[in-house]
Each structure stands twice: as structure tokens, then as C-alpha cells.
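Enquirer: Take this sequence and fold it.
(one chain, ligands or ions: 1)
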Amino acid sequence: MPHTAHGHGHAPDVDGQAEILDLDAEVLAEHTASIIEWLPVQASPRRIVDLGCGTGAGTFALLAHFPDAHVTAVDSSAEHLHRLHEKADQRGVADRVRTLQIDLDAAWPDLGTPDLVWASAALHHMADPDRTLRQVHEALAPGGLFAVVELAGFPRFLPEDAPEGRPGLEERVHAASERHHAEHVPHRGADWGPKLTAAGFTLAGERTITVRIEQSRSDAVGRYALSGLQRMRGTVADALPAEDLTALDRLLDTDGPRSILRRDDLVVRTERQVWAARRA
Ligand SMILES: C[S@@+](CC[C@H](N)C(=O)[O-])C[C@H]1O[C@@H](n2cnc3c(N)ncnc32)[C@H](O)[C@@H]1O
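Expert: Below is the predicted model:
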């Protein structure tokens, strides 16, 4: 997937989220493709909705795998949708993508009876996810599939043996970030299986994917680690011991000798969980 990390020609990336989503799409492209391949669809879907589509990681992977499909890409962010639309133009698939800016926590417009609804790293953002699940159930065509993908947090990258002389630095950054998210994003890490069943779905499959990508596999890994840790720094700076913050800032100083961009020993490590749920 071509990278758009620096956003040339794109809408402004106010908080850096679009850049991370683009890098995430690039680095994890093979994993996303394998999830889509695994989906127990009954027939090749023609109408797909990508809920909380961001900059289009799922949208473009779905379009590539299902050549007869059209995707309605839904998000509350005008910037993300603009970026997605530009990419669709560049890739020559604009006629197969419709972008729709709505707040999924508010009333939903008619989404056109999709055969497949995809929600990746999106459900945990909903104010009332149980209601969202019921709305998806209602919107889907009979026999249609709902694919829920969630991450086990942001990936780890650094070797465990403390490159900055601070053993466990990355773990402590993540622990502080987890505490923040537990307070502000309470549905992150939920078990969506029972919730899907309660909303009327039949579970058709569930899997956990272990992600482990050596830096040599993609030249985006360093930038992905940098963007992610930069964003996490904003959340965790006050909660970290001063020595950890100093070590983190050395990693994030792209002009400095300890810059994470100078490393060649990064490994992307995380898990993705997938639930496939069918409407009867
Ligand atoms: C972590 S991103 C995931 C993006 C994309 N699905 C992916 O896998 O790269 C979550 C997305 O959900 C969107 N989102 C969050 N709350 C939303 C809401 N209430 N209505 C619509 N979109 C929302 C955000 O704007 C963001 O694009």
C-alpha cells in the first residue's frame, strides 16, 4: 500500500491520528487482508459499510478483496473522509466508494441494507456500543455479516532489553496509557462475542491474530513507532517518572543520536481480535 505518512496533498491532520491510521494500514496490510479472506461470508458481498472507517484501511482492503462491492465509508471526521476520498481517486476506485459523515452515536440515516458491515477499532469509541450493535443488526440484510475487529492496544516496538538504559520503558508507557484509556475509553478491550449475541446476532467465527512484524519487512515501521509513541507521550507525560520521560524524548527526537528512526531492531508486536456475527 503506498504510504501517505506526511500527508502531502491531504486535509490537515490536526492530532496526528490520520498519519497513524495510514501507517497502521500500511504496516498491517497483510494481516488485514488475511482477516478479510477468513470472513465467513455466504456470497461475495456487494454492499459493504465500513463503520468508523478512518482514512480507509478497511475500505480499500475490502474493495480489493471483493471486486463487485461498493463501500459506504462512514466516519464523524470530515478530515479522515476527505483523505479517504482522495485516496479512492488516486487508486481509481472512487466510483465504488461513498463517504458519509455522521456521528454514529446520533440517529443513523438509511445505510442501504448492506450484506457486510465492517467495524475495525471503531466500536470501542461508541458511547453506547450495545445500541450500535442493535443498529447494525437492524441495518444488515438477512444473512448479512458483521465483522468486528479490535486491537489489543497500540503495538510494542522496542526490544525488551531497554535500549535507553531504562528497562521496561515501553511497558511503563503502555501501562500509563492503559490507565488513561480505562478512564476515558471504557469499552476498549471488551468481549464483543456476548454483546453481539445479546444484540440478536449468531456468532459465525472468532479469532485472535498474533502480529509480529520485523522492521525489515516494511520501511514504515520506524515512522509508525515514532508517530504512535509521540501520540502516547501526549497522554502519559504527566504519569511517567522524569527519567522515563527523558528517555522517551530521546527516542522521539528525530534529530538526535537516539532517535527511534535510527534503530534497526524494531519489531511490531500486538494482537488483533476478530468476531464475525451473522444476522439470521
Ligand atoms: C481508531 S480509528 C479506526 C479507523 C479505521 N477503522 C481503521 O481501522 O484504521 C476510529 C475511527 O472511528 C471514528 N469515530 C469515533 N467515534 C465516532 C462516532 N461517534 N461516529 C462516527 N465515527 C466515529 C474516528 O473518527 C476514527 O476515524
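
Enquirer: Which residue ranges of the stretch 1-150 of the chain form strands?
Expert: For the stretch 1-150 of the chain, the strands defined by DSSP state E, counting those that start in this stretch occupy 47-51, 70-75, 97-101, 116-120, 145-151.

Enquirer: What is the burial count for the residue of the stretch 51-200 of the chain found nearest the ligand?
Expert: Going by C-beta to the nearest ligand atom, the ligand is nearest to residue 54 of the stretch 51-200 of the chain, at 2.6 Å. Any C-beta I mention is one placed from the backbone N, CA and C, and that applies to glycine too. Other residues near residue 54 number 25, with proximity taken as other C-beta atoms under 10 Å.

Enquirer: Next one: the closest residue to it other than its chain neighbours from the ligand, what distance?
Expert: Closest residue in space to residue 54, ignoring its immediate chain neighbours: residue 21 at 4.4 Å, by C-beta to C-beta, 6 or more residues apart in numbering. Relative to the ligand, residue 21 is positioned 4 Å away (C-beta to the nearest ligand atom, to the nearest Å).

Enquirer: so what's residue 21 up against?
Expert: 54-55, 57, 80 (C-beta atoms under 8 Å, 6 or more residues apart in numbering).

Enquirer: Show only the entries of those found in helices.
Expert: Applying DSSP state H to the contacts of residue 21, the entries found in helices are 57, 80.

Enquirer: tell me which of the contacts of residue 21 is nearest to residue 133?
Expert: Nearest to residue 133 among the contacts of residue 21, counting by C-beta to C-beta, is residue 54 at 19.6 Å.

Enquirer: List the buried residues of stretch 236-254.
Expert: 236, 240, 244-245, 247-248, 250-252 (16 or more other C-beta atoms under 10 Å).

Enquirer: What lies in contact with stretch 152-168?
Expert: 169-171, 174, 177-178, 181, 188-189, 211, 221, 224-225, 228-229, 232, 243-244, 247-248, 250-251, 258, 260, 263, 265-273.

Enquirer: Write out the residues of the stretch 51-200 of the chain neighbouring the ligand.
Expert: When proximity is defined as C-beta under 6 Å from any ligand atom, the stretch 51-200 of the chain approaches the ligand at 52-54, 57-58, 75-77, 80, 103-105, 120-122, 125.

Enquirer: can you pick the most crowded of those?
Expert: Tallying neighbours with other C-beta under 10 Å puts residue 53 at the head of those, with 29 neighbours.

Enquirer: For it, give me its contacts.
Expert: By C-beta under 8 Å, 6+ apart, the residues touching residue 53 are 59, 73-75, 80-81, 84, 99, 122.

Enquirer: Farthest pair within these?
Expert: 99 and 122, at 14.9 Å, using C-beta to C-beta across these.

Enquirer: hey, which helix or strand in this protein has the poorest pLDDT?
Expert: Least confident helix or strand, the chain: helix 169-184 with a mean of 90, by mean pLDDT, DSSP states H and E.

Enquirer: re the thing from before, okay, the strands of the stretch 1-150 of the chain in CSV with distance to residue 63 and mean pLDDT next?
Expert: Formatted as CSV, the strands of the stretch 1-150 of the chain follow (distance: least, C-beta to C-beta, whole Å; pLDDT from 0 to 100):
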stretch, distance to residue 63, mean pLDDT
strand 47-51, 8, 98
strand 70-75, 6, 98
strand 97-101, 7, 98
strand 116-120, 11, 98
strand 145-151, 15, 96
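
Enquirer: Is it possible to get a markdown table of those that adds distance to residue 35?
Expert: Formatted as a markdown table, the strands of the stretch 1-150 of the chain follow (distance: least, C-beta to C-beta, whole Å):
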| stretch | distance to residue 35 |
| --- | --- |
| strand 47-51 | 13 |
| strand 70-75 | 16 |
| strand 97-101 | 20 |
| strand 116-120 | 9 |
| strand 145-151 | 6 |
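
Enquirer: Could you point out which of these sits nearest residue 38?
Expert: Here strand 145-151 is closest among the strands of the stretch 1-150 of the chain (C-beta to C-beta), at 9.5 Å.

Enquirer: Does the closest one pack against any helices or strands, and if so which?
Expert: When contacts are defined as 3 or more C-beta pairs under 8 Å, 6 or more residues apart in numbering; DSSP states H and E, strand 145-151 sits against strand 116-120, helix 129-139, helix 192-198, strand 267-278.
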